[in-house]
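Peer 1: any chance you can model this:
(one chain, ligands or ions: 1)
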Amino acid sequence: MSLMFGKARTCNIVTIPEHEPAECNIVVLGAIGSGKSALTVKFLTKRFISEYDPNLEDTYSSEEMVDQQPVQVRVMDTADQDGPVNCERYLAWASAFLVVYSIDNKCSFEICQQYLEMVTPYTKGLQPESPIILLGNKVDMERYRQVSQTDGETLAARFGCTFFEVSACLDFPSVQHVFHEAVREARREAERSLAVRPLYISEDKSTVSLSPAPPLLPCYKELPTPTTAKVVTVKSSRAQSKRRAPTLTLLKDRFKIF
Ligand SMILES: Nc1nc2c(ncn2[C@@H]2O[C@H](COP(=O)(O)OP(=O)(O)OP(=O)(O)O)[C@@H](O)[C@H]2O)c(=O)[nH]1
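Peer 2: Predicted coordinates:
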């Protein structure tokens, strides 16, 4: 079981054991057509897709550098046909959630509320919690806007989650920032969860030990086997490349990338 964010930390008494390399599993949720796949592919390839197979659910992996720390980011691009159903396939797997609606589609915003109502009670009870980011996508469609930024901010505040408005077809840095912010929030939650574990001082005072760790949810289990999921790996490491767009081994017939 790999633990989240294995930056070893020593203090004068207790050394937290070196963990394995950090990993972060991000699950992208939202209504059909809200832009989940486009945002995912933009983050992984810097390119905007225009066509996709709406019934396919894929999980991608990318080596990222977030705040000078390497992290293996896995992104599950879900494809729920009718809103939050069959959620157990990703709830335990997730380190963080991106819940996406389209600002030009009020119905997609209402479906996001259903996702937040389903995911929040589950994550709030976890150690560490899996943070949630609410995303208003297609901000380039301002002239067709049906959901105000204030509505988005209000919904995010109601569920205690971070809020951004983005566009998968505009600049890459704003999309990358959202995914990296999800990693940062998951990292902070993991550190906070470690920090609140009580210390026990043994009788002879010579050693101090951390209480046995609460069963941290493994941030990466065997991927669930959704009927159509394909695990696709980003070929080149973004951490090492000179910001080259990694080649993503997408099955080209499913995405028309231009
Ligand atoms: N204008 C604009 N169009 C977008 C944006 N993001 C996605 N689209 C378009 O919206 C449509 C749906 O995008 P997808 O990324 O496939 O949406 P999805 O949420 O993955 O849809 P499902 O796979 O059916 O769940 C496609 O035609 C995209 O080209 C955006 O930021 N701006």
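Peer 1: when you work out contacts or count neighbours from here on, use the C-alpha atoms and nothing else.
Peer 2: Noted.
Peer 1: show me what contacts residue 30?
Peer 2: Listed by C-alpha atoms under 8 Å, 6 or more residues apart in numbering, the contact partners of residue 30 are 36, 80, 83, 99-101, 108, 111-112, 115.
Peer 1: of these, which belong to strands?
Peer 2: 99-101 (DSSP state E).
Peer 1: make TSV out of those residues and add pLDDT, neighbour count and distance to the ligand.
Peer 2: As requested, those are arranged in TSV below (pLDDT from 0 to 100; neighbours: other C-alpha atoms under 10 Å; distance: C-alpha to the nearest ligand atom, whole Å):
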residue	pLDDT	neighbour count	distance to the ligand
99	98	25	10
100	98	29	8
101	98	31	8
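Peer 1: and the gap between residue 50 and residue 61?
Peer 2: Using C-alpha to C-alpha, to the nearest Å, residue 50 is found at 21 Å from residue 61.
Peer 1: an error on my part: the question was meant for residue 187.
Peer 2: Residue 187 is 18 Å from residue 61, by C-alpha to C-alpha.
Peer 1: please apply the same query to residue 151.
Peer 2: In terms of C-alpha to C-alpha, residue 151 sits 33 Å off from residue 61.
Peer 1: picking up where we left off before, ranking the contacts of residue 30 by neighbours, who comes first?
Peer 2: residue 101 (31 neighbours; other C-alpha atoms under 10 Å).
Peer 1: around the ligand, pick out the residues from the stretch 1-150 of the chain.
Peer 2: Within the stretch 1-150 of the chain, the positions near the ligand by C-alpha under 6 Å from any ligand atom are 31-38, 49-52, 54, 79, 137-138, 140-141.
Peer 1: redo that, cut-off 5 Å
Peer 2: Proximity of the stretch 1-150 of the chain to the ligand (C-alpha under 5 Å from any ligand atom) is limited to residues 32-38, 50, 54, 79, 138.
Peer 1: among those residues, which one sits closest to residue 91?
Peer 2: When these are compared for distance to residue 91 (C-alpha to C-alpha), residue 79 wins out at 14.6 Å.
Peer 1: per-residue confidence at the closest one?
Peer 2: For residue 79, the pLDDT comes out at 87.
Peer 1: same question, residue 122
Peer 2: pLDDT at residue 122 comes out at 89.
Peer 1: the top helix by length along the chain close to the ligand?
Peer 2: Across the chain, the longest stretch assigned as helix under DSSP state H is helix 172-195. No: for a cut-off given as C-alpha under 5 Å from any ligand atom, helix 172-195 has no contacts with the ligand; the smallest distance is 9.8 Å.
Peer 1: helices and strands around that helix, which ones?
Peer 2: strand 23-30, helix 36-45, strand 58-66, strand 96-102 (3 or more C-alpha pairs under 8 Å, 6 or more residues apart in numbering; DSSP states H and E).
Peer 1: ok and the longest one relative to strand 23-30, angle-wise?
Peer 2: Angular relation of helix 36-45 and strand 23-30 on a 0 to 180 degree scale: 150 degrees, by axes from the mean of the first three to the mean of the last three C-alpha atoms, to 10 degrees.
Peer 1: and the next element down the chain from helix 36-45?
Peer 2: Note on helix 36-45: by DSSP states H and E, the next helix or strand toward the C-terminus is strand 49-51.
Peer 1: can you give me the distance of residue 113 to the ligand?
Peer 2: 15 Å (C-alpha to the nearest ligand atom, to the nearest Å).
Peer 1: now for that residue, how many residues are close by?
Peer 2: 19.
Peer 1: pull the contacting residues for it.
Peer 2: residue 155.
Peer 1: what residues does the stretch 151-258 of the chain have near the ligand?
Peer 2: For the stretch 151-258 of the chain, the contact set with the ligand under C-alpha under 5 Å from any ligand atom comprises 167-169.
Peer 1: which of those are buried? Put it as a PyMOL command.
Peer 2: A single PyMOL command suffices to select whichever of those are buried according to 16 or more other C-alpha atoms under 10 Å:
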select buried, resi 167+168+169
